[in-house]
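Asks: Just the structure for this:
(chains A and B)
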2 protein chains.
Amino acid sequence: MRPTLIVGSVAFDTLHLGGQCHPKVLGGSATYASIAAAHFSPVQLVGVVGHDFPDAATQLLRSRGVDLTGLEIASGETFHWEGRYSDDLSSRETLRTDLNVFADFRPKIPNTFRSAPFVMLGNIDPNLQIEVLDQIEKPAFVLADTMNLWIDIRHAELTKLCSRVNMLVMNDEEARQFTDRANLVQAAKILRSLGPELVIIKKGEHGALLFHEDQAFALPALPLGQVVDPTGAGDTFAGALIGYLARSNDLSPNNLRRALVYGSVLASFCVEGVSVERLTSANTADVNHRFEQFRQLTSF
Amino acid sequence: MRPTLIVGSVAFDTLHLGGQCHPKVLGGSATYASIAAAHFSPVQLVGVVGHDFPDAATQLLRSRGVDLTGLEIASGETFHWEGRYSDDLSSRETLRTDLNVFADFRPKIPNTFRSAPFVMLGNIDPNLQIEVLDQIEKPAFVLADTMNLWIDIRHAELTKLCSRVNMLVMNDEEARQFTDRANLVQAAKILRSLGPELVIIKKGEHGALLFHEDQAFALPALPLGQVVDPTGAGDTFAGALIGYLARSNDLSPNNLRRALVYGSVLASFCVEGVSVERLTSANTADVNHRFEQFRQLTSF
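Replies: Below is the predicted model of the structure:
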């Protein structure tokens, strides 16, 4: 099976959700993306943690099919983020960010990972994302995620990165911010002109848009009666998407659309539990059932 | 052909859009809804205008197949609304509202309209919407639209109205406000428990949700490269939807879904021109072509 290489953060999150506090649960972009991708293909994770990272967490990741050869254990503590969500979960505020060992992270791709055909550059400094690409031999498909911080302070580097990726994933605000266009069709056109032939604009509870060739694909999110924890939904979406592409090894327009649906399926599980709880409890039958729910939801 | 009865406002709008002012263009919920519905079925409009309402406007409506027997011409001036949109068209502020003859509007349904099988209660005082229903003989299908103002000041009347309609149309903010639920699935459940077996939640550029029986249908909006004037898009959506239902006389789940697509098709034309400009210039071939674009946009 073709593996998916995933680079990003591995972290502890302290989450304040609806009056409850969940201290130091497993988090990080590479964690969510890896567990999601591993539903479809073997995953090679590259990241860094501190000495405090518990065996239970590494065992969980390994049990899901995540190869941790590239998980550096540095001296110091693991990246820790603390945040509080609004009651309706539509917004969150950061209470605390301890970068810890993540501050000096320089991704080193193990030799055995350098020929990975499918690569996800999770949300880290674009300079590091470029360093990762420099260490990899001709990947078939590269997906890059990012965030508003890098759009602010690494605009030129992000633009450079764009010329080397096949698929760029941004949320609607980030796409507007990066391109200075309010209209998402115009924003996607500008983004594609920078390099990536595929642009995905995530819209949270409103779903996602894929711009490919001269077409657009719009996928709503599954309307859920109960959302518990939105953390990591975007990383999960991208991870499942690329994991499915690695498994199917098919970049046709129709298969790209199916990959977005699988991304949304896993994201819908992600938000139903705290941390990676529901993402790990969902099995293949659950995933396939929810894929069919998306058909029912959208067909006319 | 089965007619659609549409009750609502007929107005002049003065629109400030992207630095340009469009003084006293044709507007009003019944106007937009009627022109949209008339793409599919004959329309019987009930509303009120003043002596200043121009012949050109009545001729335009008649030429589209709108029966104006129920358009009262009262002494005074026509309802006039003035508003300014933000540059990205995502919000608007009201600069002026002159209710004029609309202040004393008491809809009188002409005898020839009382047996209309498909009825759209456009956004007016819920007390008047109820008065309309009291004048109508056993309609097959009643759709009601509303707005935040009535949720604020006519909550009980709106609740009463709900028990007498088949389909309730609200935007996401209104549904949350009326039900005091942030989650739209929960909100729709509460709304359905009040009476309407069908609930539509409009989300503007993010599309619309239909809750019917134990199913949900989610339809994204067509991503448009250029939006000119969002005024009336919601009325257009509802008008086209009920016009299509009247034409097809089929309330099956699949046909309801198609009706939402036609609603979105006409709404997508609506926002491409100022006032009803593009809504009137689009022909049947344009409508069918865009329906197919929605298939392309959403299929996987």
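Asks: So what does the residue nearest to the spatial centre of chain A look like in phi/psi?
Replies: When chain A is reduced to its mean C-alpha position, the closest residue under Cα atoms, centre = their mean turns out to be A:D235, at 2.2 Å. Main-chain torsions, A:D235, degrees, to the nearest 10: phi -70, psi -40.
Asks: If I follow the layout properly, it ends up in contact with A:I35?
Replies: No: look at A:D235 against A:I35 with Cβ atoms under 8 Å: they stay out of range, at 9.5 Å. Bear in mind the C-beta positions are built from the backbone N, C-alpha and C, glycine included.
Asks: does the nearest residue to A:R2 once chain neighbours are set aside count as helix, strand or coil?
Replies: Excluding the flanking residues, the one nearest A:R2 by Cβ to Cβ, 6 or more residues apart in numbering or on different chains is A:A246, at 4.7 Å. Under DSSP: H, G, I helix; E, B strand; the rest coil, the three-state class of A:A246 is helix.
Asks: residue contacts, A:A246?
Replies: A:A246 makes contacts with A:1-4, A:37, A:40-41, A:117-118, A:141, as judged by Cβ atoms under 8 Å, 6 or more residues apart in numbering or on different chains.
Asks: got a list of what the residue in chain A sticking out farthest from the centre touches?
Replies: Distance to the chain centre peaks in chain A at A:F300, reaching 30.1 Å (criterion: Cα atoms, centre = their mean). Listed by Cβ under 8 Å, 6+ apart, the contact set of A:F300 reads B:217, B:219, B:254, B:257-258, B:260-261, B:295, B:298.
Asks: Return the distance of the residue nearest to A:R2 relative to A:Y262.
Replies: 11 Å (Cβ to Cβ, to the nearest Å).
Asks: Likewise for A:A144?
Replies: 19 Å.
Asks: who has more neighbours, the two?
Replies: Neighbour tally, A:A144 and A:Y262, criterion other Cβ atoms under 10 Å in any protein chain shown: the higher count belongs to A:A144, 29 against 26.
Asks: Which strand residues bridge the more buried one?
Replies: A:L121, A:L168 (DSSP bridges).
Asks: separation between it and chain B?
Replies: As judged by Cβ to the nearest Cβ, to the nearest Å, A:A144 and chain B stand 22 Å apart.
Asks: again with A:T69
Replies: Separation of A:T69 from chain B (Cβ to the nearest Cβ) stands at 35 Å.
Asks: Quick one: classify A:T97 as helix, strand or coil.
Replies: The three-state label for A:T97, taken from three-state DSSP, comes out as strand.
Asks: Thought A:W81 was touching it, still the case?
Replies: Yes: using Cβ under 8 Å, A:T97 is in contact with A:W81, at 5.5 Å.
Asks: So these two - more neighbours on which side?
Replies: For A:T97 versus A:W81, neighbours defined as other Cβ under 10 Å are more numerous around A:W81 (20 against 13).
Asks: which element is that one on?
Replies: If you go by DSSP states H and E, A:W81 is part of strand A:80-85.
Asks: any residue of that strand up close to chain B?
Replies: No: Strand A:80-85 lies out of reach of chain B by Cβ under 8 Å from any Cβ of the partner chain, never closer than 11.6 Å.
Asks: Which strands or helices does that strand pack on?
Replies: strand A:11-17, strand A:92-98 (3 or more Cβ pairs under 8 Å, 6 or more residues apart in numbering or on different chains; DSSP states H and E).
Asks: tell me the most buried of those strands?
Replies: strand A:11-17 (a mean of 21; mean count of other Cβ atoms under 10 Å in any protein chain shown).
Asks: Figure out how far that strand is from the centre of its chain.
Replies: Distance of strand A:11-17 from its chain centroid, counting by Cα atoms, centre = their mean, to the nearest Å, is 17 Å.
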